[in-house]
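J.: show me how the following folds:
(2 chains)
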Amino acid sequence: GAVVSQHPSWVICKSGTSVKIECRSLDFQATTMFWYRQFPKQSLMLMATSNEGSKATYEQGVEKDKFLINHASLTLSTLTVTSAHPEDSSFYICSAKEQSDQPQHFGDGTRLSIL
Amino acid sequence: QKEVEQNSGPLSVPEGAIASLNCTYSDRVSQSFFWYRQYSGKSPELIMSIYSNGDKEDGRFTAQLNKASQYVSLLIRDSQPSDSATYLCAVGSNDYKLSFGAGTTVTVRA
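T.: Residues are numbered from 1 along each chain as shown, chains lettered A, B, ... in the order given. Modelled structure (predicted):
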């Protein structure tokens, strides 16, 4: 149980392109989903918290107009990196939890490379 | 700022030995504690969760929590080469967010 699917796994695109990443909870309803970014040799940094049907809450220093988050249903959240630039290249990971006292379960991550 | 500190690595242990990982946290009101394993290039995988003081065992893994000392640890018994990975300590707060430590890289020598 508690499977989280993330798509795509890899994205390579030109600077200025917008990229959409999907995060789905396959066997449970996720009231809350989280988006993280991880640079090489560093730990996970929380970008935003996404609740179904409401606006995402962004961490300090994360541009909400650049990283658009939509959580339209209890099983799907999307992160769109708008007008991506090389400095946005990173490993983006989503997680989801079913209930407030349950652990977060992570998707497989998306490796984004902007040329 | 909520801080989570892990013992610096890398930690190298021979196959069959016990690997001991430590973690301290700064936020006294933290409610939940997790250990995640992350293989290189992969996303974290939940290994253990612990919510109350004491020990919790699951197979070869034992988590220990001491809220008074703001300390949580993970023991890996009978270490296997497949245990070689980075182990992340994560601490949950009332707002359900997780704060992660920098991770400890474990290498199990065959």
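J.: interface residues of chain A facing chain B?
T.: A:6, A:32, A:34, A:42-44, A:46, A:49, A:93, A:97, A:100-101, A:103-109, A:111 (C-beta under 8 Å from any C-beta of the partner chain). Using the backbone N, CA and C atoms, a C-beta is placed for each residue, glycine as well.
J.: so who does the closest residue to A:Gln29 other than its chain neighbours touch?
T.: Nearest residue to A:Gln29, sequence neighbours excluded (C-beta to C-beta, 6 or more residues apart in numbering or on different chains): A:Leu74, at 3.9 Å. The contact partners of A:Leu74, taken as C-beta atoms under 8 Å, 6 or more residues apart in numbering or on different chains, are A:25, A:29-31, A:52.
J.: out of these, which end up buried?
T.: A:25, A:30-31, A:52 (16 or more other C-beta atoms under 10 Å in any protein chain shown).
J.: which regions of the chain sit below the pLDDT cut-off?
T.: Looking at chain A here, since you left the chain open. Low-confidence segments of chain A (pLDDT under 70): A:1.
J.: try chain B instead
T.: In chain B, residues with pLDDT under 70: B:1.
J.: neighbours around whatever residue of it ends up closest to chain A, how many?
T.: Among the residues of chain B, B:Ser43 lies closest to chain A, at 4.2 Å counting by C-beta to the nearest C-beta. Using other C-beta atoms under 10 Å in any protein chain shown, the number of residues around B:Ser43 comes to 23.
J.: secondary structure class for the residue nearest the centre of chain A?
T.: Residue closest to the average C-alpha location in chain A (C-alpha atoms, centre = their mean): A:Trp35, at 3.6 Å. Here A:Trp35 is strand, with the state taken from DSSP: H, G, I helix; E, B strand; the rest coil.
J.: state the distance from it to B:Gly16.
T.: Distance of A:Trp35 to B:Gly16, given as C-beta to C-beta, to the nearest Å: 39 Å.
J.: returning to that earlier point: for the contacts of A:Leu74, which one is nearest A:Leu68?
T.: A:Glu52 (16.0 Å; C-beta to C-beta).
J.: does the closest one touch A:Thr31 like I think?
T.: Yes: with contacts counted by C-beta atoms under 8 Å, A:Glu52 reaches A:Thr31, the gap being 6.1 Å.
J.: run through the bridge partners of A:Arg37.
T.: A:Met45, A:Tyr92 (DSSP bridges).
J.: OK, contacts around it?
T.: So A:Arg37 contacts A:44-45, A:47, A:90-93 (C-beta under 8 Å, 6+ apart).
J.: one more: B:Ala17?
T.: Neighbours of B:Ala17 in contact, by C-beta under 8 Å, 6+ apart: B:Ser79.
J.: and what of the one 10 residues further on?
T.: B:Asp27 makes contact with B:2-3, B:91, B:93, B:99 under the criterion C-beta under 8 Å, 6+ apart.
J.: same thing with A:Val81?
T.: Counting by C-beta under 8 Å, 6+ apart, A:Val81 touches A:18-21, A:66-67, A:88, A:92, A:112.
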